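Enquirer: Sequence below, structure please.
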Amino acid sequence: MGAPELTRFLSSLAVEENVAASTQNQALSALLFLYREVLEQDMPWLDDVVRAKRPVRLPIVLTRDEVRAILRQLRGTARLMAILLYGSGLRLLECARLRVQDVDFERHQITVRAGKGDKDRTTTLPTIISVELARHLDVVKKQHDLDLRQGAGWVELPWALARKYPNAGREWVWQWVFPATRFYVDRVTGQRRRHHLHESVVQRAFKDAVRHAGIPKRATCHTLRHSFATHLLEDDRDIRTVQELLGHRDVSTTMIYTHVLNRGPAGVRSPVDGMDL
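Expert: As a prediction, the model looks like this:
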């Protein structure tokens, strides 16, 4: 395939409507790798290749009443995690990976470690669940003490901390806030560990809660994060503050929530609303 034919083929990938933009760009990258690294062909004409652009989609947002109705359908750990997703704006995996030391009750603060983009950030801890969360941690602490007596109680540590601090994996501060119910044995060390609660447990419970609450929206756990941001903006919170709480690199990402505020698009009131029908 010559340069003109390949250029047309790569450009056609960018306009294919039935293939996701990420898939198109992945195919493009694979072909570029083939020609540059494997075939070792110089390709100065690559500037003419058009890359696929991801379409802009508005997020699904729940009203406060809908959030309340869903939370009332949840029980136990799934309910506690869902409240944190909405009340703190956490991603589901960020919530599942919380460790004991990341929750600061006195400062009403949660620290997210190595979030999206490998960034740390702090967000608010809802006061309404402080007591419930503290009781939950008391139960987890008793479970951890029992694990220690049984020769277990280990947890996976980030980075190279396990080599630097060999016994840190059994310390309370490193334990998961939401641990799994069963052990697993690490192949390398032979340690009996607990993983954090798998995110699918919360996803299934949330899906059932949405159905039982009769919410006619395609809501997921991540919808609670969208609702967190939107409701803060509806309360006239500064968009830069919301950006920091969400951990967005660019404020333009946070601006998407201004399009789904409970005020109509761009805050415009429909002209028919003023008519006496």
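Enquirer: Quick test: name the residue nearest the centre of the protein.
Expert: The C-alpha lying nearest the average C-alpha coordinate of the chain belongs to Arg91 (Cα atoms, centre = their mean; 2.5 Å).
Enquirer: Which pLDDT value goes with that one?
Expert: Looking at Arg91, its pLDDT reads 96.
Enquirer: Also Arg72?
Expert: 97.
Enquirer: how many neighbours does it have?
Expert: Arg72 has 12 neighbours, counted by other Cβ atoms under 10 Å. No exception for glycine: its C-beta is placed from N, CA and C like everyone else's.
Enquirer: same check, this time on Ile83
Expert: 20.
Enquirer: What of the one 3 residues further on?
Expert: Tyr86: 24 surrounding residues under other Cβ under 10 Å.
Enquirer: does Ile83 count as helix, strand or coil?
Expert: helix (DSSP: H, G, I helix; E, B strand; the rest coil).
Enquirer: ok, it to Glu171 distance?
Expert: 27 Å (Cβ to Cβ, to the nearest Å).
Enquirer: what's the closest residue to the residue nearest to the centre of the chain other than its chain neighbours in contact with, if anything?
Expert: Excluding its sequence neighbours, the residue lying closest to Arg91 (Cβ to Cβ, 6 or more residues apart in numbering) is Arg225, at 6.2 Å. With contact taken as Cβ atoms under 8 Å, 6 or more residues apart in numbering, Arg225 is in contact with 85-86, 89-91, 246.
Enquirer: ok, back up a step: ok, now which ones touch the residue nearest to the centre of the chain?
Expert: By Cβ under 8 Å, 6+ apart, Arg91 lies in contact with 85, 115-116, 222, 225.
Enquirer: change it to 7 Å
Expert: 116, 222, 225 (Cβ atoms under 7 Å, 6 or more residues apart in numbering).
Enquirer: In which helix or strand does the last one reside?
Expert: By that I understand Arg225. helix 221-234 (DSSP states H and E).
Enquirer: Dump that helix to PDB, restricted to CA.
Expert: Output of helix 221-234 as PDB, limited to C-alpha atoms (Å, rounded to 0.1, in the frame of the first residue of the first chain):
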ATOM      1  CA  CYS A 221     -22.500   4.500  40.300                       C
ATOM      2  CA  HIS A 222     -20.600   7.200  38.400                       C
ATOM      3  CA  THR A 223     -23.800   9.100  38.000                       C
ATOM      4  CA  LEU A 224     -23.500  10.000  41.700                       C
ATOM      5  CA  ARG A 225     -20.300  11.800  41.000                       C
ATOM      6  CA  HIS A 226     -21.900  13.700  38.200                       C
ATOM      7  CA  SER A 227     -24.800  14.600  40.500                       C
ATOM      8  CA  PHE A 228     -22.300  15.800  43.200                       C
ATOM      9  CA  ALA A 229     -20.700  18.300  40.900                       C
ATOM     10  CA  THR A 230     -24.000  19.500  39.400                       C
ATOM     11  CA  HIS A 231     -25.700  20.000  42.800                       C
ATOM     12  CA  LEU A 232     -22.700  22.000  44.100                       C
ATOM     13  CA  LEU A 233     -22.900  24.300  41.100                       C
ATOM     14  CA  GLU A 234     -26.600  24.700  41.600                       C
END
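Enquirer: which stretches of this protein form helices?
Expert: Assigned by DSSP state H, the helices in the chain fall at 3-15, 21-33, 64-71, 76-88, 92-96, 130-149, 161-164, 199-213, 221-234, 239-246, 251-254.
Enquirer: Output those in CSV, with distance to Phe178 appended to each entry.
Expert: Shown next, in CSV, are the helices of the chain (distance: least, Cβ to Cβ, whole Å):
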stretch, distance to Phe178
helix 3-15, 42
helix 21-33, 30
helix 64-71, 17
helix 76-88, 6
helix 92-96, 6
helix 130-149, 8
helix 161-164, 20
helix 199-213, 9
helix 221-234, 13
helix 239-246, 21
helix 251-254, 27
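Enquirer: okay, and for the protein, where does confidence drop off?
Expert: Along the chain, the model assigns pLDDT under 70 to residues 1-19, 42-51, 262-270, 272-274, 276.
Enquirer: 90 instead, please
Expert: Applying pLDDT under 90 to the chain flags residues 1-58, 115-118, 159-163, 236, 252-253, 255-277.
Enquirer: Break it down into its domains, please.
Expert: Taking automatic domain parsing as the criterion, the chain consists of the domains 3-48, 58-270.
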